[in-house]
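In: Kindly return the folded structure for what I paste below:
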Amino acid sequence: MEAKSNDIEIIKYLVSSNYKVISMNINDISNEEAMIFPNGEANCMNWVLGHLIYIRNAFLNILGEESVWDNEKFSCYNRGEIPLKRKDEFVSFEELKSYLKESQNKFETKLNSLESLDPAIINDVSGLSLHEIYHSGQFGYLRRILGKSGAIK
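Out: Just a heads-up that it's a prediction; the model follows:
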């Protein structure tokens, strides 16, 4: 069997590493803590996680995979929304964690089935990977703001 192309291996590594970083940082955060908006306005952990999943769905779709949820129902997590104004629509942090796990399973299954990436989607895949890395780093700061120790040692 021929080895997978490097682009698939790079994306697999990014997706799995991000998932580990996110999981470590959100592991011991309660639903109440996840709803705290630092400075009364900065995005809370609930929104950041929901937003990550929202955009992960677009990433899955570009790879030819189904979303883990109906984007219309979860539109409060879309880019450009004002989380503070829509916080009553947020789902529990535990529910978000299960959607994150489901998205990860879909990524792994899909990426393991691909031989290579269509060159036409490379820019989208790169941009969506960057988006995920950007937001996954925010969880480290949000943890500290909540008074927790850093999860990445």
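In: Please make it C-alpha for all contacts and neighbour counts, starting now.
Out: Fine.
In: do you know how far Gly127 is from Pro119?
Out: According to CA to CA, to the nearest Å, Gly127 and Pro119 sit 14 Å apart.
In: Which one's more surrounded, the two?
Out: Gly127 (13 against 10; other CA atoms under 10 Å).
In: Output the longest helix belonging to this protein.
Out: Scanning the chain for the helix with the most residues, using DSSP state H, yields helix 122-145.
In: what is the mean pLDDT for that one?
Out: On average, the pLDDT along helix 122-145 is 94.
In: gap between the two ends of stretch 86-98?
Out: Stretch 86-98: ends 21 Å apart by CA to CA.
In: OK, contacts around the nearest residue to Ile26 once chain neighbours are set aside?
Out: Among residues not flanking Ile26 along the chain, Phe139 sits closest, at 7.1 Å (CA to CA, 6 or more residues apart in numbering). The contact partners of Phe139, by CA atoms under 8 Å, 6 or more residues apart in numbering, come to Ile22, Asn25, Ile26, Met45.
In: Report the distance from the longest helix of the chain to the chain centre.
Out: Offset of helix 122-145 from its chain centre (CA atoms, centre = their mean, to the nearest Å): 8 Å.
In: now swap in stretch 69-88 and tell me
Out: 14 Å.
In: correct me, but Lys12 touches Lys110?
Out: No: taking CA atoms under 8 Å as the definition, Lys12 is not a contact partner of Lys110, at 9.8 Å.
In: What distance do you get for Pro38 to Ile11?
Out: From Pro38 to Ile11 the distance is 32 Å (CA to CA).
In: Which residue of those two possesses the greater neighbour count?
Out: Ile11 (17 against 13).
In: Thank you kindly, that will do.
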